[in-house]
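Student: Next one to model:
(chains A, B, C, D, E and F)
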4 protein chains.
Amino acid sequence: MTEPATARGARTRAALLVGARTVFERDGFTDARIADIASEAGCATGSFYTYFTSKEEILAAVLYDAQHDVMRPTLDVDAPDPFVALAEGHRRYFENYASNARLMLVLEEIAALDPTFRDVRRRRGEALARRTAEVIAALQERGVADPELDPYPTARALDGLVSHLAYYAFVLGEDMSVDELVATTNRIWRNALTLKSLEAS
Amino acid sequence: MTEPATARGARTRAALLVGARTVFERDGFTDARIADIASEAGCATGSFYTYFTSKEEILAAVLYDAQHDVMRPTLDVDAPDPFVALAEGHRRYFENYASNARLMLVLEEIAALDPTFRDVRRRRGEALARRTAEVIAALQERGVADPELDPYPTARALDGLVSHLAYYAFVLGEDMSVDELVATTNRIWRNALTLKSLEAS
Amino acid sequence: MTEPATARGARTRAALLVGARTVFERDGFTDARIADIASEAGCATGSFYTYFTSKEEILAAVLYDAQHDVMRPTLDVDAPDPFVALAEGHRRYFENYASNARLMLVLEEIAALDPTFRDVRRRRGEALARRTAEVIAALQERGVADPELDPYPTARALDGLVSHLAYYAFVLGEDMSVDELVATTNRIWRNALTLKSLEAS
Amino acid sequence: MTEPATARGARTRAALLVGARTVFERDGFTDARIADIASEAGCATGSFYTYFTSKEEILAAVLYDAQHDVMRPTLDVDAPDPFVALAEGHRRYFENYASNARLMLVLEEIAALDPTFRDVRRRRGEALARRTAEVIAALQERGVADPELDPYPTARALDGLVSHLAYYAFVLGEDMSVDELVATTNRIWRNALTLKSLEAS
DNA sequence: AATGAATGAGTTTTCATTCAT
DNA sequence: AATGAATGAAAACTCATTCAT
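Tutor: Numbers count the residues shown, from 1 in each chain, chains lettered A, B, ... in the order given. Below you'll find the predicted structure:
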């Protein structure tokens, strides 16, 4: 809402963000109370409204700070095996997801509750899929990937697979290590994308 | 809670279920009010408590009735192409998801809110993955599927891919038809599972 | 808002109206609290909202019940002195105003605060002025009143004079009895309206 | 409260008065916020309290500056028609009222809310009525006005008529021009005061 | 003098749940 | 069984006023 004009204000705003994260992780979005966030931040209820207009707004700020949802598929053109770079990206994603697991649950909640957040999610999903699709197309051009695959829908599906695994592992508590997750993901991406005749040779 | 003893009671209970579905689809779980459900069902607020103890309980009943989440991978052993049966299963799943999209969003919401529902989801996910893993194992035994794949994690990932696509398509409103979804899914399952050298031949 | 369906409900609604009047008269509109109205009515805060949506709404109902603002100029055609009937009307108005003085102050307050109430006031003022104008026109026709007077603006002015006196006397506490008020009003109406040559004869 | 000691202080105080007028006219008294007044004046919230103790105080100052409520009946003894001077006074009053209409509404509001302001209003009404009564008495002495009229109550009534017309015209938005208002007022004052036999002659 | 952040009491409003009829 | 009114705890939000800088 308003950017703090003094150092003191900046400190309070920062404290509110930290407090909000704590409360959201503990109680979820619906059950989080503004008063709790404020008291967690060590300030009066009213001070909350000096910096934020609503629970939604502070949650958006908390999620932004958490750098959530980062998955940036990269293609190392010169690498002998292009899937190594992709796997590294997935590892980073899983690790980040794991360390923000409670927050990711809150993200599910707000996405279910608020169309605005749902829109953000849709747009991010699209952006990621477009990027992934570019990688797939590049692999096809280099003769590595199956040219029959339609890059965009394939990207959608393979991206979804990753985030879904993360959700089951870290939110629902399925028993899978990051290594296992990376290995599984990598194997399937590789199999799904690779041109068969090529590999068979 | 209590099973209705009279025909009249059964009618009221049924009306409440219908009303609850309407209200949940319209307002989501958090914003649904017991009074609205009752009035939608054409009965008094108090009557709700004759048949249900809480919003969670009636939601569970509504979801049960909606037969949601059905995905039953089947393997037709004698079929020349085992993926046809799988694709049929996926089509059924997508179609069912599409016609219950609003309810699926409510399912996301309650899963985010309530650990009990989260548990149910986890158990169902596991059950489905076990079944899918059996299919994969059978395909490996018949020499169709890549023997290097670990059936259970692979099943987890491929199942997740399907439900994730459904969520993006029908809840977030991504523009994909059921045909496209089935095609994409099928292609990836096939590529991911199939033994390359085999197919290349 | 909702009409009570049971006798008990009707009783509660009535109690709220009585309580509201008490509280409004004691505290005015702005300082009246819903909780006070409810407790004055002997019911819980929440019950207020069963019957009314807002303080404005219950005030409108209270004012309606108080039959405020009644001024109905009548012309007794056969009477030798038509001003006697008018004076009786004014007396009734002053008496009614006196016994609702505190409420009249609240009416001033809400008219200053709320455009909706201001509109009602304007429409009532117009309706009254039209009626008064008819009386003036009738008097002109019978040769009693100065034909030069434009009935409607004159009516506006003379009506205003009456309500203004009432306000100063009963709200501001000017020291004037109802008799004095009626006498003053009557004298001025008579002088203002009467055709001079006629009376001079 | 405190008179500003420096030129800078005087400027801030003046800015607050201007800002307050703007805010009061826009939002009314109850809905005006100190913070808005300060920001409208281009200074910090806290600075308000350097010059004023309360919203009431600054409103009193704003109203004082607006020179509201000026109605000074004058009697030109030598004029052939004494009502011409009175009508001029009324015109000035209507014009002033028109250009301060929003503020006049705020005056109604604060008079309804605050007994102190009500008292001021009562005293001003009395002072004005005394002055008007003197004019009436002078007219009676010169044989122009009906000697039967009791000057003070008559003055009260005729004054009230004027301010009431102004309220309906400029606050409630009745469709009457200043000319019409002056004409109506003049006609009624003349009729009401003039000795009939005299004029008839 | 000015600033603008902090305070926290005060009110409205909602709604799951109970209960008398 | 059904009714629908009553309950009252709970939470959001506002804003006059204070105060440290």
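Student: show me where chain A has helices.
Tutor: Applying DSSP state H to chain A gives helices spanning A:7-31, A:34-40, A:45-51, A:55-65, A:83-99, A:101-113, A:115-141, A:151-166, A:178-193, A:196-200.
Student: Extract the C-alpha set from the second one and format it as CSV.
Tutor: Coordinates of the C-alpha atoms in helix A:34-40 are reproduced here as CSV (Å, rounded to 0.1, in the frame of the first residue of the first chain):
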residue,chain,number,x,y,z
ILE,A,34,-4.8,-9.6,11.4
ALA,A,35,-4.5,-9.1,15.1
ASP,A,36,-2.2,-12.1,15.4
ILE,A,37,0.0,-10.9,12.5
ALA,A,38,0.3,-7.5,14.2
SER,A,39,1.1,-8.9,17.6
GLU,A,40,3.6,-11.4,16.1
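Student: Quick check: can you list the domain ranges of chain A?
Tutor: A:7-65, A:83-200 (automatic domain parsing).
Student: Lowest average confidence across those domains, which one?
Tutor: Lowest mean pLDDT within the domains of chain A: domain A:83-200, at a mean of 93.
Student: one step back: turn the helices of chain A into TSV, columns for mean neighbour count and distance to C:Thr22.
Tutor: Quick note: C-beta positions are derived from backbone N, CA and C, even for glycine. Putting the helices of chain A into TSV (neighbours: other Cβ atoms under 10 Å in any protein chain shown; distance: least, Cβ to Cβ, whole Å) gives the following:
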stretch	mean neighbour count	distance to C:Thr22
helix A:7-31	17	40
helix A:34-40	18	34
helix A:45-51	16	33
helix A:55-65	18	39
helix A:83-99	18	61
helix A:101-113	22	43
helix A:115-141	17	46
helix A:151-166	24	61
helix A:178-193	21	69
helix A:196-200	14	87
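Student: And the ones you listed: which comes nearest C:Leu86?
Tutor: Of all those, it is helix A:45-51 that lies closest to C:Leu86, at 57.9 Å by Cβ to Cβ.
Student: Which residue, other than its chain neighbours, is closest to A:Leu158?
Tutor: Nearest non-adjacent residue to A:Leu158, counting by Cβ to Cβ, 6 or more residues apart in numbering or on different chains: A:Trp189, 5.8 Å away.
Student: quick one: contacts for that neighbour?
Tutor: A:Phe83, A:Leu86, A:Leu158 (Cβ atoms under 8 Å, 6 or more residues apart in numbering or on different chains).
Student: Tell me how far it lies from A:Glu88.
Tutor: Relative to A:Glu88, A:Trp189 is positioned 12 Å away (Cβ to Cβ, to the nearest Å).
Student: cool, A:Gly125 as well?
Tutor: On the measure of Cβ to Cβ, A:Gly125 and A:Glu88 end up 21 Å apart.
Student: ok, residues contacting stretch A:35-42?
Tutor: Contacts for stretch A:35-42 (Cβ under 8 Å, 6+ apart): A:12, A:15-16, A:18-20, A:22-23, A:27, A:44-45, A:47-48, A:58.
Student: With distance to DNA strand F as extra columns, can I get those in JSON lines?
Tutor: Formatted as JSON lines, the contacts of stretch A:35-42 follow (distance: Cβ to the nearest atom of the strand, whole Å):
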{"residue": "A:Thr12", "distance to DNA strand F": "13"}
{"residue": "A:Ala15", "distance to DNA strand F": "16"}
{"residue": "A:Leu16", "distance to DNA strand F": "13"}
{"residue": "A:Val18", "distance to DNA strand F": "18"}
{"residue": "A:Gly19", "distance to DNA strand F": "13"}
{"residue": "A:Ala20", "distance to DNA strand F": "11"}
{"residue": "A:Thr22", "distance to DNA strand F": "15"}
{"residue": "A:Val23", "distance to DNA strand F": "10"}
{"residue": "A:Asp27", "distance to DNA strand F": "9"}
{"residue": "A:Ala44", "distance to DNA strand F": "8"}
{"residue": "A:Thr45", "distance to DNA strand F": "5"}
{"residue": "A:Ser47", "distance to DNA strand F": "8"}
{"residue": "A:Phe48", "distance to DNA strand F": "7"}
{"residue": "A:Ile58", "distance to DNA strand F": "10"}
